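Undergrad: Structural data only, the sequence is not supplied:
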C-alpha cells in the first residue's frame, strides 16, 4: 500500500513526547513490511533562522489560509530504512521557540492557522510529489483537518479519488478547540457547522472534525479505546462521538524501538546487561546514584520516574505518598518538564533530603536511559495513560513498574502475584492515592525482603517483547477496512 503519514512531530526530526516516538517508529516498521510509506510534518526552526533542512528541494507551493495565499517550501529528506519525509517550511508559521507553546508554556494564539496550513500543505505536497496515497494516516488534532479536507474540499479531486483516511488519537485530552470562525479560515462553509458535523459547543474543534470525517479511527491501546467511550472522565467530551463510531474504532498497542531501547547494547549506560547477565545492572545503579548526587547505597530501593510533570501523569498522587518512603531509606530520581509548581516541589524535596532525592527538568536523553537502567522501581501513577512507553522500556531494562490500572498500563503490566511467582509489575487497585501507596509499599517490601524473588520478577519483565511485530499487522487490517469504507465518507458531494 501507499501510505501518507501526517503528524506534527516525529523522531528523528522533532519530539515533545510519545507521539514523536510512535510516528517515526511505526512509519519505519511499515516500510520494512514492504509498504510505500511517506511522512509529512512541519519544519520547525528557531526564530530568524536561515537553516535549511538536509535533503533535496525545495518544492514551492501556495497554500490558502484565511482567504490569503501563503508561499510554502517543501524539502524532501530520508530517515530510517529509506522512508521519504517531506518537511513543510513556512517560517511565519513554524519558526518558533517551541512546537506548540512559547517559553511561558502558553499555546500560540494562531495554532489553528498554523495547522490549517500544514494540513492543506500535506495534501498539496502529495500531489506535487506525484504520490497518490491509498491511505492517509493522520495523528492527533494537529492533523485533524486532513480527513476533513478529503471529505469536503478534495472530495471530487481525481488525484485523491481512491484515498481512504485513518485518524489516530494519541491523547484525547488535546483537541485543538478554537472559535467558530476557524471554520472559515480553513476554507470550509457554514453548512458543515452543525452538531453532527464540525460544531462543538459553538466552536471549531480539530479533533471532532477528524472523528466525524475519517473512514476509520484508532487509538494507542485496547483499554484506552474502551475508556474514552465510557464517559467524560476519559472521553473529554468526545465520548458520544466515539460511541457513534464504535464499529470503526480500534485500539492498537504501541511498540518501542528495540534497537534504541536495548540494555545489552546501550552506549548511554554505564555497563550493558541482559536478563542472562545482570551484573552490569548494579553498576548502572551505582552510576545513576553518582550522576545525580544520590548516596551510593546498593541496598536502597531506588525509585525512578521519566515523565511530564503533569496531573495527567498522577504527579500529585505521587507527591502525596512519596516522602515516607524517602524517610524510610528509599531514594528517588526524576526527569521531566512540566508544571513550574511541581518543579519547585521537587527542588524543595531535593534540598530537604540531600542524597535521597534528585531531579532534572532538562531534556536529557542520556539521563533517561540511565534511569531506566539504574532504577529498581519505575513510577507511573497516571490518572489516564493512552498507551505509555515508559513502562515498556522500564520492563525491558529491569526497572519494575508500579502503575495505576488505566489505558496501556493495564494492557502491558502483568500484576505480581501474592507469592511472587507470576507477574512483572505492581498494579494499584484503583487510580487514587491510597491504592497507589499500597502498590508501592508492596514493591518496596518485596525488594527489601526477597532479593532472589525480585530478580525473578525483573527477569520476567525483561523477557517481554514490545516491538511493532504484533501491532503492524493490526494497522494493515485497519488500512484495509478504511479502504473498504471510503465510499461511505460523511458529507455532501
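TA: Perfect, thanks for sending it. Computed from a prediction, not measured in an experiment: that's the story for all the values here.
Undergrad: Can you tell me how far residue 228 is from residue 252?
TA: Between residue 228 and residue 252 the computed distance is 14 Å (CB to CB, to the nearest Å). For glycine as for every other residue, the C-beta is placed from the backbone atoms N, C-alpha and C.
Undergrad: intersection of neighbour lists for the two?
TA: Residues touching both residue 228 and residue 252 (CB atoms under 8 Å, 6 or more residues apart in numbering) are residue 219.
Undergrad: Helix, strand, or coil at residue 426?
TA: Classification of residue 426 by DSSP: H, G, I helix; E, B strand; the rest coil places it in strand.
Undergrad: Repeat that for residue 347.
TA: Secondary structure of residue 347, per three-state DSSP, is helix.
Undergrad: my guess is it meets residue 359, correct?
TA: Yes - Residue 347 is in contact with residue 359 according to CB atoms under 8 Å; the separation is 6.9 Å.
Undergrad: neighbour-wise, which of those two wins?
TA: Shown here are residue 347 and residue 359; by other CB atoms under 10 Å, residue 359 has more neighbours (19 against 13).
Undergrad: Sheet partners, orientation included, of the helix or strand of the chain with the lowest mean pLDDT?
TA: Comparing helices and strands within the chain by mean pLDDT, DSSP states H and E singles out strand 56-65 as the least confident, with a mean of 91. Sheet neighbours of strand 56-65, with direction, are listed as strand 68-79 (antiparallel) (DSSP bridges).
Undergrad: so how far is the partner strand off the chain centroid?
TA: For strand 68-79, the distance between its averaged C-alpha position and the chain's averaged C-alpha position is 25 Å (CA atoms, centre = their mean, to the nearest Å).
Undergrad: for the next helix or strand after it, the distance to its chain's centre please.
TA: Next in sequence after strand 68-79, counting helices and strands by DSSP states H and E, comes strand 83-89. From the chain centre to the centre of strand 83-89 is a distance of 20 Å (CA atoms, centre = their mean).
Undergrad: helices and strands around the following helix or strand past strand 83-89, which ones?
TA: Using DSSP H and E, the helix or strand that follows strand 83-89 in sequence is helix 91-94. For helix 91-94, the helices and strands in contact under the criterion 3 or more CB pairs under 8 Å, 6 or more residues apart in numbering; DSSP states H and E are helix 111-128.
Undergrad: quick one: contacts for residue 239?
TA: Contact partners of residue 239, counting by CB under 8 Å, 6+ apart, are 228-232.
Undergrad: of all those, which comes closest to residue 159?
TA: The shortest approach to residue 159 among these belongs to residue 228, at 33.5 Å (CB to CB).
Undergrad: quick one: the closest one and residue 174, what's the gap?
TA: Using CB to CB, which is the criterion applied here, residue 228 is 13 Å from residue 174.
Undergrad: who has more neighbours, these two?
TA: Between residue 228 and residue 174, counting by other CB under 10 Å, residue 228 is the more crowded of the two (26 against 16).
Undergrad: who's in contact with that one?
TA: Residues touching residue 228, when contacts are defined by CB under 8 Å, 6+ apart, comprise 169, 172, 219, 234-236, 238-239, 242.
Undergrad: Can you flag which of these belong to helices?
TA: Within these, residues falling in helices by DSSP state H are 234-235, 239, 242.
Undergrad: ok, how many other residues are close to the closest residue to residue 122 other than its chain neighbours?
TA: Leaving out its chain neighbours, the residue that sits closest to residue 122 by CB to CB, 6 or more residues apart in numbering is residue 40, at 4.4 Å. Using other CB under 10 Å, residue 40 has 29 other residues around it.
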